[in-house]
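> Predicted model follows, preceded by the sequence.
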Amino acid sequence: MKYQPVIGMEVHIELSTNSKMFCGCSADFFGVAPNTHVCPICLGMPGTLPVINQKAVEYTIMTGLALNCEIQPRNVFARKNYFYPDLPKGYQISQYELPLCLNGYVDIDPNESGERKRIRVRRVHLEEDTGKLTHVNGHSLVDLNRAGVPLLEIVTEADLNSAEEAWAYVSKLRQLVRYLGVSTGDMEKGAMRCEVNLSLTDPNTGEWGTKVEIKNLNSFRSVRNSIEYEIQRQIEVLEAGGKIEQVTMGWDENRQRTVLQRVKEGDTGYRYFPEPDLPPLDLDPAWIEMIKANLPELPDTKQARYLQDLGLSAKEASVLTDDRATAAYFDRVVEAASGSKLVTPKLISNWFAGELFRLLGESGTEISAVKIEPAQFVALIEAVTVNAINQSAGKKVFGVMFETGRSPQEIIKELGLEQISDEGALETIARQVIAANPDPVAQFKGGKEGIINFLVGQVMRATRGKANPKLAEEVLRKALQD
């Protein structure tokens, strides 16, 4: 590519607190009747005073720590002044010069190759969300239920160079906030919104092009598609001898293209100044250390543990740690198998990737609702490993366990699935199969080795699938030598 894309991102994440950022109104606004979770403070009525939500500050610190940021003991809220119908006060309480978190980073693996790229995080700051506008039949309706909900803004340096890297970065952020429990990260519900700052650089000169902002991207697909489109648009403008202007673009999902919204304003257009109704926020270092000590094991650390301690592959570790609830259930099953010499983390991973994920997908069940107790999960794998039941029967038993939560021993007995591993009983059946199939027997004795699979299949059929396949083949080969 003649031009190198240079991309920085601003991601806004709604925090899952019970109340709003500066008042006691419920922060749960999704699906609620318009303008019902409001009060004089979040409506911006004259004479009202904001009060900082401590839980929102705690969640911000947790996120900053997970992003390897420096937590600032002293920070200040500021007024960001602009006028828009969904902003009841005429300004937004945000942070500017002294934010909560600075100078962090996050590592991504956009190609899933094991080669990670570090994306620097410039700042993480806390602010309040705006209301929501709905445009119907030429009218604009304002719903202020969302106004004042705690909002986290994470700003990167311009370290991203492709749509794939941006996709991987946003996916990583969502994974982190879900692990921390500070946000749902549901883009389809507006809990996570992205803005992209994109320019093209000439690799030969190193000169940066003019920055264009793409606003309010609310899905992973729109992040990737808008970046791909905007890169191509800017290339075409430059190749035609044109000039890129510093503007704010929106993404038209229907037309799959960026569209002009307005000429970009600089930060000076917002006339930031310290919020006079809120004093500087001085954080107790001991409180920050307590928050740090209580952080859960994060995905990268968990993946490293799965690789080093459990002997899983990078792909297995990545899949199992993608979701915190999945990883937690896997850890419980591994712990339940700690006393078993037969059930390894690798075997457990195989059952997760195979039967468990298949049944979860088919039933639409969340992993937190799985009825199989870890000890019963281990007992089933042991039953298959010691050939008490075969693999096919094991899958059938697992399906019943998934539906009912019953023990594998009870289901195996009820369904009559115990595997026949008695050599004497299998020898009798093998001789019956040999007597009933003279032509295949002759072919085998004539050197057609593959016909043994047919004969084993006849033994399995005669035993209704209960025979130990490996032992059945051994018995057959021995009987065929007579």
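Happy to help now that I have it. Numbering: from 1, shown residues only.

> can you pull the pLDDT of the residue nearest the centre of the chain?
Against the mean C-alpha coordinate of the chain, by Cα atoms, centre = their mean, the closest residue is residue 175 at 4.1 Å. Here the pLDDT value assigned to residue 175 is 97.

> That one belongs to a strand, doesn't it?
No: assigned with DSSP: H, G, I helix; E, B strand; the rest coil, residue 175 falls outside any strand and is helix.

> which one is it nearest to, not counting chain neighbours?
Leaving aside its chain neighbours, residue 175 sits nearest to residue 299 (5.8 Å; criterion: Cβ to Cβ, 6 or more residues apart in numbering). C-betas here are computed from N, CA, C, even on glycine.

> Do I have it right that that neighbour meets residue 176?
Yes: with contact defined as Cβ atoms under 8 Å, residue 299 reaches residue 176; the gap is 7.2 Å.

> just to revisit the earlier point, count the residues that sit near the residue nearest to residue 175.
21 (other Cβ atoms under 10 Å).

> for it, what are its contacts?
175-176, 179, 321-322, 327 (Cβ atoms under 8 Å, 6 or more residues apart in numbering).

> quick one: buried residues of the helix or strand hosting residue 383?
Assigned by DSSP states H and E, residue 383 falls within helix 374-385. Residues of helix 374-385 classed as buried: 374, 376-384 (neighbour count, 16 or more other Cβ atoms under 10 Å).

> same check, this time on stretch 197-216
197-201, 209, 211-215.

> Let's see which of those end up in strands.
197-201, 212-215 (DSSP state E).

> from these, which two are the most distant?
Put simply, by Cβ to Cβ the two of these set farthest apart are 201 and 215, 22.1 Å from each other.

> Against which helices or strands is the top helix by length along the chain packed?
For the chain, the helix with the greatest residue count under DSSP state H is helix 220-239. If you count contacts as 3 or more Cβ pairs under 8 Å, 6 or more residues apart in numbering; DSSP states H and E, helix 220-239 packs onto strand 4-14, helix 163-180, strand 192-201, strand 212-217, strand 247-252, strand 257-263.

> just checking, residue 178 touches residue 324?
Yes: Residue 178 lies in contact with residue 324 (Cβ under 8 Å); the separation is 6.2 Å.

> Measure how buried residue 402 is and give me the count.
Neighbour count of residue 402, defined by other Cβ under 10 Å: 19.

> State the distance from it to residue 356.
8 Å (Cβ to Cβ, to the nearest Å).

> who touches both of the two?
By Cβ under 8 Å, 6+ apart, the residues touching both residue 402 and residue 356 are residue 370.

> Pull out the buried positions in the helix or strand bottoming out on mean pLDDT in the chain.
Least confident element among the helices and strands of the chain, by mean pLDDT, DSSP states H and E: helix 469-480 (a mean of 83). By neighbour count on 16+ other Cβ under 10 Å, the buried set for helix 469-480 is 469, 471-473, 475-476, 479.

> neighbouring contacts of it?
387, 390, 421, 423, 426-427, 430-431, 433-434, 441, 444-445, 452, 455-456, 459-460, 463.

> just the buried members of those?
390, 421, 426, 430, 433-434, 441, 444, 452, 455-456, 459-460, 463.

> which one among the residues you listed gets closest to residue 146?
Nearest to residue 146 among the buried ones among the contacts of helix 469-480, with distances taken as Cβ to Cβ, is residue 390, at 55.7 Å.

> For that closest one, list the residues it contacts.
384, 419, 465-469.

> same question, residue 97
Contacts of residue 97 by Cβ under 8 Å, 6+ apart are 76, 78, 272.

> Can you say which of those residues are buried?
76, 78, 272.

> distance between stretch 17-28 and the chain's centre?
26 Å (Cα atoms, centre = their mean, to the nearest Å).

> from the middle of its chain, how far away would the helix or strand harbouring residue 430 be?
Using DSSP H and E, residue 430 sits in helix 423-436. Offset of helix 423-436 from its chain centre (Cα atoms, centre = their mean): 53 Å.

> now it: mean pLDDT?
Helix 423-436 carries an average pLDDT of 85.

> quick one: it to helix 469-480, angle?
Relative orientation of helix 423-436 and helix 469-480, computed by axes from the mean of the first three to the mean of the last three Cα atoms, to 10 degrees: 60 degrees.

> what about the stretch 251-400 of the chain, any weak spots by pLDDT?
264-268 (pLDDT under 70).

> Break down it into its strands, ranges please.
257-263, 273-274, 281-282 (DSSP state E, counting those that start in this stretch).

> closest to residue 85 out of those?
Nearest of the strands of the stretch 251-400 of the chain (Cβ to Cβ): strand 257-263, 15.1 Å.

> And that closest one, what does it pack against?
Against strand 257-263 (3+ Cβ pairs under 8 Å, 6+ apart) you get helix 220-239, strand 247-252.

> follow-up on the earlier one: for the contacts of residue 299, name the two members farthest from one another.
Spanning the widest gap among those are 176 and 327, at 13.3 Å by Cβ to Cβ.

> just curious, which of the buried residues of helix 374-385 is nearest to residue 145?
Closest to residue 145, out of all of the buried residues of helix 374-385 and judged by Cβ to Cβ, is residue 374, at 41.2 Å.

> Let's have the helices and strands packed on helix 220-239 in TSV, adding distance to residue 144.
As requested, the helices and strands packed on helix 220-239 are arranged in TSV below (distance: least, Cβ to Cβ, whole Å):
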stretch	distance to residue 144
strand 4-14	15
helix 163-180	25
strand 192-201	18
strand 212-217	18
strand 247-252	23
strand 257-263	23
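
> Cool, thanks, signing off.
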